[in-house]
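[1] Predicted model, plus sequence, below.
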Amino acid sequence: MTALTLALPAAGFYFTGAIRQWLTIAGKSPSARPFVVVMAAIGAVLHLAALSMTLFSDHVLNLAMFQVGSLISLMIVLLVLSMAWNKSLGNLFAGLLPLAGVICLCAALFDHQVLMSHLSYELGLHILLSILAFSLFTIAAVHAILIILQDRQLRQHRMRGLLQSLPALQTMDALLFRMIWVGMALLTAAFIVGYPAIEDIRAQHLTHKIVFAITGWLVFAILLFSRYRFGWRGAIAGGWTLAGTAFLILSYFGSQFVLEYVLGNP
């Protein structure tokens, strides 16, 4: 059995759940949250099985771009599953499940290897905290897109489709900042734990990763301060959330893409 034979049905379950959620959002079908949750859960189990076949090579951790992306997308699905009782987060399945399915397939098809043969406890903890932070900020970014659209339609005095089924903008804002606070705590802890693992920034190809990661952290720090000091919310908060998440994505995936697929030097 190969990773692809597991990734294909995993993606199938993800897409089935996403389509069902979209039908509910579009008002073409009554809510079927249990069905969507079951589809996502089965997809996640198969996703985990497929990922385990490419994430480890001869018992050595493989941190290639698509493998890390697949792990993060799996974590996102699991986080949203754990919060599926919240209506606004449950709606995120419509966008996040197809994304997880595509990344799961890419990890199975493009099995590059960036092996970590000597993984210390500190570095392992840094990776775990970073993945959790990335996952939470990605969910927050999708949530922020909904807030931006909701804020725009409120200003235009017209609500329709998905946005009509969302909670009040104030509730959406509060949920966004709860996710950002937790994400910042995880990201800060990842920085602190990972600092001792830095030996030679240039030799370890860390310069761009560190610059983008710190920039993303600063964007979120400014956003949280401005929320407290100036009451930032709605589209402004959503825009800053997207900017901060973009820098964090560039910190790993942008640099890793260049190293693996452009320079061929992971």
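    That came through fine.

[2] what are the ranges of the strands in the stretch 1-150 of the chain?
    Defined through DSSP state E, counting those that start in this stretch, the strands belonging to the stretch 1-150 of the chain, from first to last, are 56-57, 60-62, 115-116.

[3] Most tightly packed of these?
    Mean neighbours per residue, mean count of other C-beta atoms under 10 Å, is largest over those for strand 60-62, with a mean of 16. C-beta: built from backbone N, CA, C; applies to glycine.

[4] for the chain, longest helix please?
    Ordering each helix of the chain by length in residues (DSSP state H) puts helix 121-155 first.

[5] which parts of it are buried?
    Going by neighbour count (16 or more other C-beta atoms under 10 Å), the buried part of helix 121-155 is 123, 126-127, 129-144, 146-151, 153.

[6] Repeat that for stretch 235-243.
    Taking 16+ other C-beta under 10 Å as the neighbour-count basis, stretch 235-243 is seen to contain the buried residues 235, 236, 237, 238, 240, 241, 242, 243.

[7] now, among those, which is nearest to residue 15?
    Within the buried residues of stretch 235-243, proximity to residue 15 (C-beta to C-beta) peaks at residue 242, which comes in at 25.0 Å.

[8] Just put the strands of the stretch 1-150 of the chain in TSV and tack on mean pLDDT and distance to residue 46.
    Formatted as TSV, the strands of the stretch 1-150 of the chain follow (pLDDT from 0 to 100; distance: least, C-beta to C-beta, whole Å):
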stretch	mean pLDDT	distance to residue 46
strand 56-57	74	17
strand 60-62	83	19
strand 115-116	76	25
